[in-house]
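Would you be able to build a 3D model of this:
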Amino acid sequence: RAAAFDPQAAARLAEVDRDEAAWKARIQTYLAERDRLGRANVREPEQVRLAALAALRTSQFTVDEQKRLVAYER
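Residues are numbered from 1 along each chain as shown. Reported below is the predicted structural model:
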């Protein structure tokens, strides 16, 4: 990238790459925890399971991030 762009642009692109990698890692961690919660709460009423999932989302993502998260939960 440094050869194709000026050094500042290459640095900004590298930062975007790091941010994207961190976002994807957070999603993977969340999905694993979500699945664990689903298995652990299998006998709980649906309302309890949904509350646990909402608490997990709220603890790991901002409101704006939660809007993006929906695409990864499918």
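
Please identify the helix or strand for the spatially most central residue of the chain.
When the chain is reduced to its mean C-alpha position, the nearest residue by CA atoms, centre = their mean turns out to be Ile27, at 2.8 Å. Under the criterion of DSSP states H and E, Ile27 resides in helix 7-40.

Next: Gln47.
Secondary structure here is read from DSSP H and E; on that basis Gln47 sits in helix 46-60.

what does Glu44 give?
Element membership of Glu44 [criterion: DSSP H and E] is none; it lies in no helix or strand.

and Glu33, how many neighbours?
Around Glu33 sit 14 other residues, with neighbours defined as other CB atoms under 10 Å. The C-beta positions use only the backbone N, C-alpha and C, and glycine is treated the same way.

Repeat that for Gly38.
12.

From the chain's centroid, how far away is the helix holding Ile27?
The chain centroid and the centroid of helix 7-40 are separated by 6 Å, computed with CA atoms, centre = their mean, to the nearest Å.

okay, the angle between it and helix 46-60?
An angle of 160 degrees separates the directions of helix 7-40 and helix 46-60 when computed by axes from the mean of the first three to the mean of the last three CA atoms, to 10 degrees.

OK, contacts around Glu15?
If a contact means CB atoms under 8 Å, 6 or more residues apart in numbering, then Glu15 has no contacts.

I'd like to know how far it sits from Thr29.
When CB to CB, to the nearest Å is the yardstick, Glu15 and Thr29 sit 21 Å from each other.

before we move on, the earlier item: out of everything not next to it in sequence, what's closest to the residue nearest to the centre of the chain?
Taking CB to CB, 6 or more residues apart in numbering as the measure, Ile27 lies nearest to Tyr72, with 5.0 Å between them; neighbours along the chain are not counted.

so where's this protein shaky on pLDDT?
Counting by pLDDT under 70, the low-confidence segments of the chain come to 1-2.

so what secondary structure elements neighbour the helix holding Gln47?
For helix 46-60, the elements it packs on are helix 7-40, helix 63-69, judged by 3 or more CB pairs under 8 Å, 6 or more residues apart in numbering; DSSP states H and E.

hmm, who's touching it?
Counting by CB under 8 Å, 6+ apart, residues outside helix 46-60 touching it are Arg26, Thr29, Tyr30, Glu33, Arg34, Leu37, Gly38, Asn41, Glu44, Gln66, Leu69.
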